[in-house]
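**Q** My questions concern the predicted model and sequence given below.
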Amino acid sequence: MSRSTRQFEQVAVVGHFAAGGAREGQGPLAAAFDQVWNDDLAGETTWEAAEAKMAVQALEGAAHDGGWPLEAVDVVVGGDLLDQLVSTNFAARQHHQPTLGVFAACASFAEAVGLAGLWCDRGSARVVAGAWSHHLAVERQFRFPVEFGYQRTPTASWTATAAGALALTQGTGRVQLRAFTVGRVVDPGSTDPMDMGTAMAPAAWDSLQRHLAAVHARWDDYDRVFTGDLGVVGSGILCDLANDTAFVRVHDDCGRSLYRPEQDVHNGGSGTGCVAAVVAGHIMPRVEAGEWHRVLVAATGALFSPTSYQQGESIPAVAHVIELEAGRP
Amino acid sequence: MRSGVMQVPQQQDADYLALAARHRPPTPVWQNAVRAFVVGGALCVVGQLVTDFFEAHGQTATRAASPTAVVMVGLGALLTGLGLYDRLVRSGGMGGALPISGFANAMVAPAMEHRREGLVLGVGAKLFTVAGPVLAYGLGSAFLVGVVRLLVGS
């Protein structure tokens, strides 16, 4: 078996929590959120502080759902999109639990959950893993000031205001984390920062194929195969690359699921919190209920910065894959 | 690469980029043009009404231009502060961005945005992040044209 994939026998996902902003709360997954923040500032004075507050809430919520206070958690693994991972680290300043900050852009959530799985696989531990993003905080860092008017292209994604976290521990539960595949950085040469789907689809396909080969499975073995936030454009490209009806039948995309088309989000949702909230709020309850038995999530991240694309660099991307399975009773 | 696994596109893969381009929705050029015409036209009508007002109150057509610009900039700044101007440009595109009220939006938006980082390193340093290129190259080309005019005109 491939040594870039780890399979787990004894890693249970025992808790989950998802939060979203106002726009996400009006989307098709409204019922999936444990909390909707209708106030952009969430009672704080900056969007960055609001994002950290959402992070703490997601971590606490997932831990409580697992039956622990956050103080009883051994390791927190988290990621966000802000420079120097400020919201993850400022959240850690508040909750004070041992923390690993991870960055793989919008693939950070799968990286965090995968690392949590590795941690729990090696011994008894309570780990909470999550990711979060705030539309306005990310927008000002990557693009323009929030009140500056400009026309978004049809391929542009909408960075979600959302947070999601999972609580993991050694043992068996209603949901098991079965495997984790570490992605390779793939760069097809796309240079348009307003078109993440084109940049990320090859990375998603690469990691999904490697995962499938490593665990000796077929697409038919899964109830759903979710990609992170390829959106409408990237999902179309991925299904074209796959050229396999068995894959197309089970494929879905977190970014495409988060909003309605009339919400003016063009390609769909993106941001570290997007896949995190969809997994924690939408996928987890279905696996817990036994509605879906085996689900793959390939979180995709575009690894660029405003500096890198202004210097003419193309946009590399990565996809990390986690596999969830309903626990055997 | 493992055998039997489809080749994954790598750096500067022209075939892949051509495949991806087929999935990209086209920019709605005509729809954008009509909206830009309506929004830009409406702003121009407002500007003309303001000019007419100043002319009716004793200004010549030439002298009415400056106070009109002041009013349109003020209007753009006000609508930015109220959180409305970005919506105007989102639907109207260059029809909203190009008039002088759009320039006000490009100045006021960063000022609002960076207030939280303080008056010096926030507002002061970041005020021109959007409008800076327009100012730099606008002033630069005005200077060049001025020099040419001086040489040719004399």
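**A** Looks like it came in fine.

**Q** so which helix or strand takes in the residue nearest to A:W47 when sequence neighbours are not counted?
**A** Here the nearest residue to A:W47 in space, its sequence neighbours aside, is A:A137; by CB to CB, 6 or more residues apart in numbering or on different chains that works out to 3.9 Å. (Glycine included, C-beta is placed from N, CA and C.) A:A137 belongs to helix A:135-142 when assigned by DSSP states H and E.

**Q** In contact with the residue nearest to A:W47, which residues are there?
**A** A:T46, A:W47, A:E48, A:A50, A:E51, A:L82, A:S87 (CB atoms under 8 Å, 6 or more residues apart in numbering or on different chains).

**Q** Pick out whichever of these sits closest to chain B.
**A** Nearest to chain B out of those is A:T46 (CB to the nearest CB; 5.4 Å).

**Q** okay, the residue nearest the centre of chain B: pLDDT?
**A** What sits nearest the mean C-alpha location of chain B, by CA atoms, centre = their mean, is B:A97, with 3.4 Å. You'll see B:A97 listed with a pLDDT of 94.

**Q** buried residues in stretch A:2-13?
**A** For stretch A:2-13, the neighbour count (16 or more other CB atoms under 10 Å in any protein chain shown) marks A:T5, A:R6, A:Q7, A:F8, A:V11, A:A12, A:V13 as buried.

**Q** gap between the closest residue to A:D220 other than its chain neighbours and A:D221?
**A** Nearest non-adjacent residue to A:D220, counting by CB to CB, 6+ apart: A:A246, 5.5 Å away. Distance of A:A246 to A:D221, given as CB to CB, to the nearest Å: 10 Å.

**Q** so does the one helix or strand A:Q209 maps to get close to chain B?
**A** Secondary structure assignment for A:Q209, by DSSP H and E: helix A:196-214. Yes - under the criterion of CB under 8 Å from any CB of the partner chain, chain B is reached by helix A:196-214 at A:G197, A:T198, A:A201, A:P202, A:W205, A:D206, A:Q209, A:R210, A:A213.

**Q** Beyond that helix, next helix or strand please.
**A** Following helix A:196-214 in sequence, per DSSP H and E, is strand A:224-227.

**Q** Output the contacting helices and strands for that next one.
**A** Secondary-structure packing of strand A:224-227 (3 or more CB pairs under 8 Å, 6 or more residues apart in numbering or on different chains; DSSP states H and E): helix A:196-214, helix A:231-242, helix A:245-250, strand A:251-253, strand A:294-302.

**Q** can you do 7 Å?
**A** Contact here means 3 or more CB pairs under 7 Å, 6 or more residues apart in numbering or on different chains; DSSP states H and E; on that basis strand A:224-227 packs against helix A:245-250, strand A:251-253, strand A:294-302.

**Q** what's the most buried one of these?
**A** Mean neighbour count (mean count of other CB atoms under 10 Å in any protein chain shown) peaks for strand A:294-302 among these, with a mean of 28.

**Q** near chain B, anything from it?
**A** No - taking CB under 7 Å from any CB of the partner chain as the criterion, strand A:294-302 and chain B are apart, separated by no less than 13.3 Å.

**Q** Spell out which residues of the stretch 151-300 of chain A are next to chain B.
**A** So the stretch 151-300 of chain A meets chain B at A:151, A:153-155, A:186-190, A:195, A:198, A:202, A:205-206, A:209, A:213, A:233, A:236-237, A:240 (CB under 7 Å from any CB).

**Q** What is the burial count for the nearest residue to A:A165 once chain neighbours are set aside?
**A** Nearest residue to A:A165 in three dimensions, chain neighbours excluded: A:G130, at 2.9 Å (CB to CB, 6+ apart). The number of residues packed near A:G130 is 37, by other CB atoms under 10 Å in any protein chain shown.

**Q** so how far is A:D34 from A:G130?
**A** Taking CB to CB, one finds A:G130 at 12 Å from A:D34.
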